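[1] no FASTA, just this:
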């Protein structure tokens, strides 16, 4: 393990490093299937773009962006973030991407998400963590519900992508809900 920040059963989370740009990371960001639900992604995305992004992460004080790494292979398989952190309101937004298709839909998202939510609530002392996704993103909707998040609402025509508008759904979980769910499991 290279500089683990949080360690789980099958994965660990660490800071993104410039060497990640030498692997598959920039390729994920150019893959139409991987990024089909990304609201922020604009093609193309070069290695230089990825390097610049990673280099500037330390300047963003309202974001914790981490690499998801498979423990067995030590392979960077995705990214996870808590961002738009408001210390005043003790809230933040959550996002995740498993870019390596060999690791999608196999439980890595849930494991990484539980680790990150636990860090957000019990280390950073956040009260509320939320996420949004395009309404047709079934994997993220299933993950949000599996994490104990509650649907808050639908934002009509919030995202313009591929020539049409898409509704987004917002989910959230509160610290006491998360900790009660963890205690039950």
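    Alright, I've got the coordinates. As the structure is a prediction and not an experimental result, all values here were calculated from the model.

[2] Show the contacting residues for the closest residue to residue 149 other than its chain neighbours.
    Using Cβ to Cβ, 6 or more residues apart in numbering and skipping residues adjacent in sequence, the residue nearest residue 149 is residue 171, 3.9 Å away. The C-beta positions use only the backbone N, C-alpha and C, and glycine is treated the same way. Neighbour list for residue 171: 130, 131, 132, 133, 141, 144, 145, 149, 150, 151, 152 [criterion: Cβ atoms under 8 Å, 6 or more residues apart in numbering].

[3] Over to residue 171: give its phi and psi.
    phi -120, psi 150 (degrees, to the nearest 10).

[4] Reformat the contacts of residue 171 into TSV and put secondary structure and distance to residue 86 next to each item.
    Converted to TSV, those look like this (DSSP: H, G, I helix; E, B strand; the rest coil; distance: Cβ to Cβ, whole Å):
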residue	secondary structure	distance to residue 86
130	strand	11
131	strand	15
132	strand	16
133	strand	20
141	helix	25
144	helix	20
145	helix	24
149	coil	18
150	strand	19
151	strand	21
152	strand	16
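
[5] Go through those residues and name the one nearest residue 54.
    residue 131 (22.3 Å; Cβ to Cβ).

[6] Tell me how many other residues surround residue 137.
    19 (other Cβ atoms under 10 Å).

[7] Report pLDDT for it.
    Per-residue pLDDT puts residue 137 at 92.

[8] how near is it to residue 105?
    To residue 105, residue 137 is 13 Å away according to Cβ to Cβ, to the nearest Å.

[9] Much appreciated, bye for now.
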